[in-house]
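In: please work out how this folds:
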Amino acid sequence: MTALNIIKAINAGLRRSMESDAKVLVMGEDVGKLGGVFRVTDGLQKDFGEDRVIDTPLAESGIIGTAVGLALRGYRPVCEIQFDGFVFPGYDQIVNQVAKMHFRSGGRLRLPIVIRIPYGGSIGAVEHHSESPEATFVHIPGLKVVTCSNPVDAYWMIQQAIALDDPVVFFEPKRRYYEKAEVDVDGEPDLPLESARVALPGTDATVAAYGPMVKTCLDAAAAAADDGRSLEVIDLRSLSPLDLRAVYDSVRRTGRLVVVHEAHRTLGVGAEVAARVTEECFYSLEAPVQRVTGYDTPYPPARVEEEYLPDLDRVLDAVDRTFAY
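Out: Numbers count the residues shown, from 1 in each chain. Okay, here's the model as predicted:
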């Protein structure tokens, strides 16, 4: 077992994938000599060379477009987008090329591309550095969209994503980058990439979250336990496809569900989870599904971002509302 934070875990996962397959490439702005703005790719260019860890121009459309060509020639490019808000110059390539190529070719062409995007707020950053655009990609058929919440998942999920023959948008919770856990780097993953995980068993209410909000919900569950209330916390992990089997099983036992994410409320992932749970578990629900989310505004200046982001108190307030019915 090795103590790693999420940064080191992704770095180790990239390294292991590159050692296993010479066709795996890493590319992006400052990923080589600098090691990335968060140092996620630190040391990779030194060990694998400039032909496999490529510093690109500041052009996200060019990064993704080049990755499409490389993937069609048999490579497995891993593209780093420096910050969440920078992805949109490459959005056209992702939606119209990356997501559609397999379908457009009648299954003859595959694009094994991983697009890494640090996302979310609470780091005191300026505009365009704290977005949560995951629902924008979840809505696009042909893309797999996943997000880790801890170092163990970070280590294994990046390797699983690279091994897939399908394009994966890999969201990384930057506010959790430095949180540590013990990782068995020589073991095997305990879940498929597209599976949800019960992060904490409970009996009274279900709380579903992903990425940076999983820890917030675990903290809320610890606070609720002090008041004698048992919350089950589920880490969704995969946003497209959504694996809601664990959520359904939990809701059928607890009768209550709160969905939590940083992204805007309207048409967010939480709305889809709420709709599907209502369709599948209607007669098990003791209260309407509650959502705890960011607000339907552009991300605010850093000095007030903590007022925008869901926190422990807002999660507990939503849990209390489910017990008011």
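In: C-alpha only now, for contacts and for neighbours.
Out: OK.
In: which residues does residue 157 contact?
Out: 148, 193 (CA atoms under 8 Å, 6 or more residues apart in numbering).
In: what's the helix or strand for it?
Out: Assessed by DSSP states H and E, residue 157 sits inside helix 151-163.
In: before we move on, what about residue 7?
Out: helix 6-20.
In: run a quick neighbour tally on residue 38.
Out: By other CA atoms under 10 Å, 15 other residues sit near residue 38.
In: contact partners for the residue most central in space within the chain?
Out: Centroid-nearest residue in the chain, with CA atoms, centre = their mean: residue 147, separated by 1.8 Å. Residues in contact with residue 147 (CA under 8 Å, 6+ apart) are 170, 171, 172, 173, 210, 211, 237, 238, 239.
In: so what's it closest to, chain neighbours aside?
Out: residue 171 (4.7 Å; CA to CA, 6 or more residues apart in numbering).
In: just confirm that neighbour is within a strand.
Out: Yes: applying DSSP: H, G, I helix; E, B strand; the rest coil, one finds residue 171 inside a strand.
In: could you count how many residues lie near it?
Out: For residue 171, using other CA under 10 Å, the count is 24.
In: and it, bridged to which residues?
Out: Beta-bridge pairing of residue 171 under DSSP bridges involves residue 117, residue 147.
In: and the helix holding residue 157 with helix 6-20, angle?
Out: 30 degrees (axes from the mean of the first three to the mean of the last three CA atoms, to 10 degrees).
In: could I get helix 151-163 in PDB with only the CA atoms?
Out: C-alpha atoms of helix 151-163 as PDB (Å, rounded to 0.1, in the frame of the first residue of the first chain):
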ATOM      1  CA  PRO A 151      -7.000   8.600  -4.800                       C
ATOM      2  CA  VAL A 152      -7.900   4.900  -5.100                       C
ATOM      3  CA  ASP A 153     -10.500   5.600  -7.800                       C
ATOM      4  CA  ALA A 154      -8.200   8.100  -9.400                       C
ATOM      5  CA  TYR A 155      -5.500   5.500  -9.800                       C
ATOM      6  CA  TRP A 156      -7.600   2.800 -11.200                       C
ATOM      7  CA  MET A 157     -10.200   4.800 -13.200                       C
ATOM      8  CA  ILE A 158      -7.600   6.600 -15.300                       C
ATOM      9  CA  GLN A 159      -6.100   3.300 -16.300                       C
ATOM     10  CA  GLN A 160      -9.500   1.800 -17.100                       C
ATOM     11  CA  ALA A 161     -10.400   4.900 -19.100                       C
ATOM     12  CA  ILE A 162      -7.200   4.600 -21.200                       C
ATOM     13  CA  ALA A 163      -7.800   0.900 -21.800                       C
END
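In: domain parsing of this protein, as residue ranges.
Out: Per the record, the chain has its domains at 2-183, 197-322, by automatic domain parsing.
In: now render those domains as TSV, adding mean pLDDT and distance to residue 189.
Out: Below are these laid out as TSV (pLDDT from 0 to 100; distance: least, CA to CA, whole Å):
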stretch	mean pLDDT	distance to residue 189
domain 2-183	97	6
domain 197-322	97	12
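In: so which of the ones you listed gets nearest residue 190?
Out: Across those, residue 190 has its closest neighbour in domain 2-183 (8.9 Å, CA to CA).
In: does residue 175 touch residue 125 like I think?
Out: No: here residue 175 does not reach residue 125: they are 10.9 Å apart, not a contact under CA atoms under 8 Å.
In: please identify which of these two sits among more neighbours.
Out: Neighbour totals were compared for residue 175 and residue 125, and residue 175 leads with 18 against 13 (other CA under 10 Å).
In: what's the separation between residue 173 and residue 233?
Out: 18 Å (CA to CA, to the nearest Å).
In: more neighbours: these two, which one.
Out: Taking neighbours as other CA under 10 Å, residue 173 and residue 233 compare with residue 233 leading, 29 against 23.
In: please name the nearest non-neighbouring residue to residue 10.
Out: Nearest to residue 10 is residue 155, by CA to CA, 6+ apart, at 5.1 Å.
In: for residue 5, same thing?
Out: residue 180 (4.0 Å).
In: how much space separates that neighbour from residue 218?
Out: From residue 180 to residue 218 the distance is 15 Å (CA to CA).
In: the closest residue to residue 309 other than its chain neighbours: what's it in contact with?
Out: Spatially, and ignoring its direct neighbours in sequence, residue 309 is nearest to residue 294 (5.5 Å; CA to CA, 6+ apart). Under the criterion of CA under 8 Å, 6+ apart, the neighbours of residue 294 are 261, 262, 263, 264, 265, 308, 309, 310.
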